[in-house]
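**Q** When you get a sec, could you give me coordinates for this:
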Amino acid sequence: MAMDRELVTCTKGDGFWTRRILCTIRRLVRLSAKSSTVGNMAVLILSISCIDGNLLNAFYHAAPSSEIIRQSSMNSTISSVIFKDYDVTVMLFHSAYLVDIEQTEKGRVMKLDSLKNGDIWKTMDVLVFNSWLWWYRRGPKQPWDYLQYRSKIVKDMDRMFAYKMALRTWTRWVNSQVNATSTKIFFQGISPSHYNGSEWNEPGVTNCLREEQPVDGSTYPGGKPMAATVLRSALAPVRNKVQLLDITLLSQLRKDAHPSRYNGFKSMDCTHWCVPGLPDIWNQLLFASLFS
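**A** This is a model prediction of the structure:
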């Protein structure tokens, strides 16, 4: 409950952008041929990322609606908020890797060339995807035991290569299954972390604890993360269907915007972001993209 109260406080100022995003989604649906078959209801699917959870809670707490219905699936894979006044349903679909993780006799296997959830996603009016944060997690936080690509199953592999293979599977699904005339697709770019001070010209610094100012200028000394290059390359075959929400550079400059030690996990957090703050800018970029 403490987290809920904090989110209410942090997102009160987001009501304006919440209303504009909801109205824009509704307008897009009503202008599309698909809207007549779904009762003027847009469905926004969000994969796992900071923007997604914050935006869903911002919608729930800030949207001025006389009737709001919040739902969640039994296994918490899908959370949704229905806004009756706007004829809009916003869904958060927890799929950290986009591709499938299946329980087998061998254990939990992540199949880099399988994407069964796509049968649900392709029916939506607006899709916002993201996948990167969890790819290098190991130990108890890693939700799989083996990786499979085609017929080969391995205990582990180069994580960047695995990420690339998963993205290729996703782009093939987009090309073969999604109708771009009735579904708008966005992919949120790579969200960076700040644990290496050499990247912002402070050698020896190993976290964001005492960072109180953004990086000066409009370039990041450490350059673009490899994952951002991999993502942009993967999206090239679907550039006519998918719009990249490129948040990487503007987020790299905000080394001061992390919770650092001020979080509920009692550990240094230079990966997630404070609310309100940088995620508000991400939401504004999403609104601008929807409106355009």
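
**Q** can we go C-alpha only for contacts and neighbour counts from here?
**A** Will do.

**Q** sec struct for Met91, please.
**A** strand (DSSP: H, G, I helix; E, B strand; the rest coil).

**Q** Which residue is the nearest non-sequential neighbour of it?
**A** The shortest distance from Met91 to any non-neighbouring residue, by C-alpha to C-alpha, 6 or more residues apart in numbering, is to Ser80 (4.1 Å).

**Q** what's in contact with stretch 244-259?
**A** Stretch 244-259 is contacted from outside by 186-194, 208, 211-216, 218-220, 224, 228, 269-274, 277-278, 282, 285-286, using C-alpha atoms under 8 Å, 6 or more residues apart in numbering.

**Q** Contact partners for Lys224?
**A** Thr248, Leu249.

**Q** end to end, how far does stretch 146-160 reach?
**A** Distance between the two ends of stretch 146-160: 16 Å, counting by C-alpha to C-alpha, to the nearest Å.

**Q** Need the contact partners of it.
**A** For stretch 146-160, contacts defined as C-alpha under 8 Å, 6+ apart pick out Gly107, Arg108, Val109, Met110, Lys111, Leu112, Asp113, Trp135, Tyr136, Asp145, Ala227.

**Q** Just checking the distance from that stretch to the centre of its chain.
**A** 24 Å (C-alpha atoms, centre = their mean, to the nearest Å).

**Q** From the contacts of stretch 244-259, keep the buried residues only.
**A** Those of these that meet the buried threshold are 186-194, 208, 211, 215, 220, 228, 269-274, 278, 282, 286, by 16 or more other C-alpha atoms under 10 Å.

**Q** What residues sit buried inside the helix or strand harbouring Arg172?
**A** Under the criterion DSSP states H and E, the helix or strand holding Arg172 is helix 159-177. The neighbour-count check on helix 159-177 (16+ other C-alpha under 10 Å) flags Ala162, Tyr163, Lys164, Met165, Ala166, Leu167, Arg168, Thr169, Trp170, Thr171, Trp173, Val174 as buried.

**Q** so what pLDDT did the fourth one get?
**A** Among the per-residue scores, Met165 holds a pLDDT of 97.

**Q** which residue sits closest to it, ignoring its sequence neighbours?
**A** That would be Leu112: by C-alpha to C-alpha, 6+ apart, it lies 6.2 Å from Met165.

**Q** What's the local residue count around that neighbour?
**A** Leu112: 24 surrounding residues under other C-alpha atoms under 10 Å.
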